[in-house]
Each structure stands twice: as C-alpha cells, then as structure tokens.
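Trainee: Here you go, sequence then predicted model.
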Amino acid sequence: MAFSDVFGPNTGKSIATRREEAALDARTSDMGREGDSMVVRASPFTIKLLQDIGGAGTFNPETGMIEFYNVDDKVRKATGRY
C-alpha cells in the first residue's frame, strides 16, 4: 500500500482532512441520545437489520441523523420495569 505524509494510505484525502472528519464524528457522537454514542455509515440492509433486532431507527432532532438506541430498554425505563 502506498503511503505519503500528505495523503496517508491510498485514501485520496489529506491527513488534515481525515483528522477534521474524525473530530466532527467525535462531536456528533457526543450528541447521541439514550446511550447512542457511535456514528456509523450503514447500508439500507444494515439499517433494516438494526431496526429488526430492536433498534429505534428514529431521527435525532439535534443532528438529523438516524439513531438506533435499544427500544426495549427505553420502554422498560419508562414503565419502571427496568
């Protein structure tokens, strides 16, 4: 794999750009709700799979991004059956 100090390993993006994107992802992940703390790029198949196994699949009003906290945990907490 080719590597340079400017572009890193074959990404086509400079290291500075990748650092900026990583920092943005970190700030965005801090805005998660109900324990949702990761920024993930997922295919439509993966999104459906996450919903099928109990992920909320709602949109975070602060970020506008889809979120997948565990719906069952939220229901238990709301009903006092946690």
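Mentor: Structure received.
Trainee: Determine the next helix or strand in the C-terminal direction from the helix ranked longest in the chain.
Mentor: For the chain, the longest helix by residue count, based on DSSP state H, is helix 15-29. With elements assigned by DSSP states H and E, the helix or strand that comes after helix 15-29 is helix 44-52.
Trainee: buried ones in that next one?
Mentor: Buried residues in helix 44-52, counted by 16 or more other C-beta atoms under 10 Å: L50. Any C-beta I mention is one placed from the backbone N, CA and C, and that applies to glycine too.
Trainee: Which strands or helices does that helix pack on?
Mentor: Using 3 or more C-beta pairs under 8 Å, 6 or more residues apart in numbering; DSSP states H and E as the contact definition, helix 44-52 packs against no other helix or strand.
Trainee: which non-adjacent residue is nearest the most centrally placed residue in the chain?
Mentor: The centre of the chain sits closest to V39, judged by C-alpha atoms, centre = their mean, with a distance of 1.8 Å. Using C-beta to C-beta, 6 or more residues apart in numbering and skipping the chain neighbours, the partner closest in space to V39 is D25 (4.6 Å).
Trainee: can you check E34 too?
Mentor: E34 sits nearest to Y69 (C-beta to C-beta, 6+ apart), 3.5 Å away.
Trainee: Distance check, the one you found against E62.
Mentor: 14 Å (C-beta to C-beta, to the nearest Å).
Trainee: Would you mind telling me which of the two has more residues around it?
Mentor: Y69 (19 against 10; other C-beta atoms under 10 Å).
Trainee: was I right about that one contacting S37?
Mentor: No: the pair Y69 and S37 fails to qualify as a contact (C-beta atoms under 8 Å) at a distance of 9.4 Å.
Trainee: Below-threshold pLDDT in the chain: ranges please.
Mentor: For the chain, the stretches with pLDDT under 70 are 1-11, 73-78, 81-82.
Trainee: mind redoing it with 50?
Mentor: Scanning the chain with the threshold set as pLDDT under 50 gives 1.
Trainee: Can you give me the domain boundaries for it?
Mentor: 1-30, 34-79 (automatic domain parsing).
Trainee: Could you say which of those is packed most deeply?
Mentor: domain 34-79 (a mean of 13; mean count of other C-beta atoms under 10 Å).
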